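from the sequence below, what's the structure:
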Amino acid sequence: MANKNHLKKAYSFLLSLVLVLCTLSLPLSASAESYEQKLRDKGFSESYIDSLVQLHKEYPNWEFEAFKTGLDWSAAVSGERSSHRNQIIEKSSDYGEKFYCGCEKCKRGGSYVYQYSGCVSASKWAVEYFMDPRNWLDEKHIFQFQSNEYSPSDTQSGVEAILGYTFMHDSPITYVNTEGDTVTYLTKKGKQLKYAKAIMLAAENSGMSAYYIASRMVKEIGSSKPTATGVCGTKKPFVGMYNFYSIGAGSGAMGGLEFASGYLKTNAKATLYSKYDKSSKKGTGTKTSLSSGQYMSYIGTYGDYYKVRLYSGGYTSGSVGYVLKSKLRTTYFTYGRPWTNPYKCISGGAKYIAASYLKYQNTSYLEKFNVNPASGSLYSHEYMQNVDAVSIEAVSTYNAYKKAGVLSSKHVFYIPVFNNMPGDTSSGSSGGSESGSAASSKPTGLALSGRTTDSISLKWTAVSGASKYYISVENVTKGTSFSKTVSSNKGTLNGLTAGNKYKMKVCAYVNGKWGKYSKAITRKAVPATGKIKTLTSPSSGKIYASWISVTKASGYQLKYARDKKFKNTVANKTFSSSALSYTGKNFTKGVTYYVKVRAYTVVDGKKYYGAWSAVKSVKSK
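The predicted model follows:
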């Protein structure tokens, strides 16, 4: 009986073990299938599935929701292009002719019509390309579909990462006030306030994402110095006015400052006084009669009066004086306007954007392409005109999350889905079934083919059927990133900073889909590899060396040794950029010496070296 009990226990243990092993093994294959079905159940069509499954594998905490527009794809594209002026793109060497609209209104006499600030109308192909969500389902660009609502995971360090090397990075708010004086913004407690902290406060008070606010500001006015019209504070008649978001700047940056000033004007006949008497609290001095509808920019408040600067059509600056508040229209003194300092603008602008967009256009994508019929303003009420704006901003958000260490945290993405979407996402030709699948081929052999102090050239093995390639570049030194699209299996990245490290990878566009990235490589922008031209021993104890000139080099370093590995270096010489040869003396007769050369460049007092040349040898006479 005891033996039978032992046998039963052993059998039960083995059966349990088998069941456990089966339980552990089944979900590994079933989970992928069940997740694909989960995406289908949410409303994603087949052409979305592969990319989202891949992202889910890499970031299991990310959640993808299908935003079903109910719109026909072809109709949506036509709606967005109802006026070609609404969809513009920068005329840049990064884009080919297919990105620019060539219709008779957008191209005249063989030249493209510039619609705004170096931008021309985008072609139908370009609108389809940037508008098709499936083109942007990678770990960086997908952030254009993230909700812009406030997130407690946003951090001030992440905001600083977005601000990067703009004038706002790690800087207190210093600005020009309405009187033309440069001052530093102070809180009620008399403390300085950094831009990043101001953005964090604006996010909390508005319900907007801090990373979204920072990305928007960088896109609109980001530069190393506050010289842009919307942030310099010196543009008459709007001295001391700020608009970091370019709200209301559809007709130009000055229009954005007019928005920031609150469209102040007389609502009846009024009097402009040249002075204000503090004791009587009344306007005095020279009087100037103003007609109803006279526009002016706010300068300050003095009792019952506003100090203002008049202006006329074309923003021509006029007289400065004092006008009774009761005679002025202040209907648009909302959201903290007039924005007379950067903090008021950052805070009030965030609230304005939240009130205008957060309910129905709660992603950057929907702000650019309003394809939400519930908004009541289909294909209009769009925050920006540039078709590529949201794809660029998405990368900034990605970088901020990565640097802040919260990239793998929970993030929710609302991705639009249209009816009758094309299978080929590169052309967007409407109709047909969705047969596109992610390109399985990825480039191999990514390698350096050349470099200078401000450029890096790359090459890789061509991918069969690829129509173009996308080079993703991360400046590891600065924490910034950019990209470039090329038509062949090579490309040169220009405008780099000497000594900075750049991490680069490339993917191919095949059959209407972007494939997987190649293995990344990291290189510095430094002078090209040195090359010895001539090496001889012209006479007893002398060695003559000459070398090839390296573009943009600040100078050269030449080394001599008695061995190939340069363990016994006998001479180390440094030369200016103009020196391309040198004759060394007092070398031991009959001894073989090994020589190599490299170029260097000087940036901010620091030397950055290129690679050593191939080693050459010569026997001293």
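
just the helices in the chain please.
Using DSSP state H, the helices of the chain run over residues 2-42, 46-58, 73-80, 124-131, 156-163, 195-206, 210-221, 229-232, 253-260, 342-357, 364-368, 389-404.

for Tyr295, find the nearest of those.
helix 253-260 (8.1 Å; Cβ to Cβ). In this view, the C-beta of every residue, glycine as well, is placed from N, C-alpha and C.

give me the angle between the closest one and helix 210-221.
Orientation check (axes from the mean of the first three to the mean of the last three Cα atoms, to 10 degrees): helix 253-260 against helix 210-221 gives 130 degrees.

angle of helix 253-260 against helix 342-357?
Using the same axes, to 10 degrees, helix 253-260 lies at 90 degrees relative to helix 342-357.

any idea of the mean pLDDT for helix 253-260?
In this model, helix 253-260 has a mean pLDDT of 95.

tell me the helices and strands packed up against it.
helix 229-232 (3 or more Cβ pairs under 8 Å, 6 or more residues apart in numbering; DSSP states H and E).

distance from the helix it packs on to the middle of the chain?
With Cα atoms, centre = their mean, to the nearest Å as the basis, helix 229-232 stands 20 Å off its chain's centre.

same question for stretch 351-358.
The chain centre lies 22 Å from the centre of stretch 351-358; the measure is Cα atoms, centre = their mean.

what do you get for stretch 132-146?
On Cα atoms, centre = their mean, the centre of stretch 132-146 falls 14 Å from that of its chain.

can you give me the end-to-end span of it?
Stretch 132-146 has an end-to-end distance of 16 Å (criterion: Cα to Cα, to the nearest Å).

who touches that stretch?
Contact partners of stretch 132-146, identified using Cβ atoms under 8 Å, 6 or more residues apart in numbering, comprise 47-48, 51-52, 55, 58-59, 129, 209, 363-365, 390-391, 393-395, 397-398, 401, 411-417, 421, 425, 428, 436, 472, 481, 513-514.

kindly report the same for stretch 341-350.
The contact list for stretch 341-350 (Cβ under 8 Å, 6+ apart) reads 173, 175, 177, 185, 193, 195, 198-199, 201-203, 205-206, 208, 213, 217, 231, 240, 242-245, 247, 260, 335-339.

mind saving the C-alpha coords of that stretch as CSV?
What follows is stretch 341-350, C-alpha atoms only, in CSV (Å, rounded to 0.1, in the frame of the first residue of the first chain):
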residue,chain,number,x,y,z
ASN,A,341,7.4,88.8,-20.1
PRO,A,342,8.3,85.2,-21.1
TYR,A,343,6.7,83.6,-18.0
LYS,A,344,3.3,85.2,-18.7
CYS,A,345,3.6,84.0,-22.3
ILE,A,346,4.7,80.4,-21.4
SER,A,347,1.9,80.1,-18.8
GLY,A,348,-0.9,81.8,-20.6
GLY,A,349,0.0,80.3,-24.0
ALA,A,350,-0.1,76.8,-22.6
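
and it, average pLDDT?
Averaging pLDDT along stretch 341-350 gives 98.

please apply the same query to stretch 511-522.
Averaged across stretch 511-522, pLDDT comes to 83.

cool, and stretch 137-153?
Averaged across stretch 137-153, the pLDDT comes to 93.

and stretch 369-378, by the same measure?
The model assigns stretch 369-378 a mean pLDDT of 96.

residues in contact with it: which ones?
Outside stretch 369-378, the residues that touch it by Cβ under 8 Å, 6+ apart are 67, 69-71, 76, 79-80, 131, 360-361, 366, 379-382, 416, 418.

next, the distance between the ends of that stretch.
One end of stretch 369-378 sits 9 Å from the other (Cα to Cα).

mind listing what's buried in it?
For stretch 369-378, the neighbour count (16 or more other Cβ atoms under 10 Å) marks 369-372, 375, 378 as buried.

circling back to that earlier point, filter the contacts of stretch 341-350 to the buried ones?
Buried by 16+ other Cβ under 10 Å: 173, 175, 177, 185, 193, 195, 198-199, 201-203, 206, 208, 213, 217, 231, 240, 242-245, 247, 260, 335-339, out of the contacts of stretch 341-350.

what's stretch 600-619 in contact with?
For stretch 600-619, contacts defined as Cβ under 8 Å, 6+ apart pick out 451, 453, 497-499, 524, 526-532, 535-537, 543, 547, 550, 552-557, 564, 590-599.

can you tell me the strand partners of the longest strand along the chain and which way each runs?
Longest strand in the chain by number of residues, with DSSP state E as the criterion: strand 592-603. Here strand 592-603 is paired, per DSSP bridges, with strand 555-561 (antiparallel), strand 606-609 (antiparallel), strand 616-619 (antiparallel).
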